[in-house]
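Asks: Quick one, fold the following:
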Amino acid sequence: APPFSWLRPPRLAHFVPTGALQFLHNLLTHAPDHRLFLADFDALPHHSRLDPDLNRPLVATKHADLASYLDAMHGHADIFFATDFAWLADAYRHLLALAGANRAVTVAKSAHFFEPHAAACTTRSGYNPLLADFPNTSVLLASPSAPPATTSSDRPTSPDPDDPPRRPPLHS
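Replies: Next up is the predicted model:
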């Protein structure tokens, strides 16, 4: 061991969302023209404020949070991972670049995302579950980027028979 290695802080454990990365890779491979909407928890309460691990899962039963999945009886606990949406968006953009795909990728808090449509869900008392419940959730949106605008001199005078027909956008 290097001299004075005991002075260095311990390495943090990093819980990497390999399932999410595999999903994004498969989506790009098998559905290259996809649109994407992901929603999940972006933060979870920690068992201990002293736990420095990054993206540490929360293990919970109906009645208590547990320190480890080893503390739970088989089948009696749920394991939750908070999604680091900024990291996931960066990883997705990297996969898009490798695939040569172009997507507009956006991350927003759920309340901000639902705000334009929330009025229809407001109760008589003024409570709105879309805005008030689950403040620890976010969404990631991805859709194909619009092609660059063309000028009249850039447009072909007749369609090229070798070009496949383009689908109209789903929304304007």
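Asks: drop to CA atoms for contacts and neighbour counts, all remaining ones
Replies: OK.
Asks: how about the nearest residue to Ala77, chain neighbours excluded?
Replies: Counting by CA to CA, 6 or more residues apart in numbering, Ala77 lies nearest to Thr61, which is 4.5 Å off, once chain neighbours are set aside.
Asks: Now do the same for the one you found: its pLDDT.
Replies: Thr61 is assigned a predicted lDDT (pLDDT) of 90.
Asks: pretty sure it contacts His76?
Replies: Yes - with contact defined as CA atoms under 8 Å, Thr61 reaches His76; the gap is 6.2 Å.
Asks: my read: Asn55 touches Phe81, true?
Replies: Yes - judged on CA under 8 Å, Asn55 makes contact with Phe81 at a distance of 6.7 Å.
Asks: element containing the nearest residue to Lys109 once chain neighbours are set aside?
Replies: Nearest-residue entry for Lys109: Ser138, 4.2 Å, with adjacent residues in sequence omitted and distances by CA to CA, 6+ apart. Using DSSP states H and E, Ser138 maps to strand 137-144.
Asks: can you give me the mean pLDDT across that strand?
Replies: 94.
Asks: OK, contacts around Thr122?
Replies: Counting by CA atoms under 8 Å, 6 or more residues apart in numbering, Thr122 touches Asn128, Pro129.
Asks: Over to it: give its phi and psi.
Replies: phi -70, psi 130 (degrees, to the nearest 10).
Asks: That one and Pro129: what is the separation?
Replies: Distance of Thr122 to Pro129, computed by CA to CA, to the nearest Å: 7 Å.
Asks: With Glu115 instead?
Replies: Taken as CA to CA, the span from Glu115 to Pro129 is 11 Å.
Asks: Could you do His30 as well?
Replies: Counting by CA to CA - His30 and Pro129 are separated by 36 Å.
Asks: Quick check on the two: which one has the bigger neighbour count.
Replies: Each of His30 and Pro129 has its neighbours counted (other CA atoms under 10 Å); Pro129 has more, 13 against 10.
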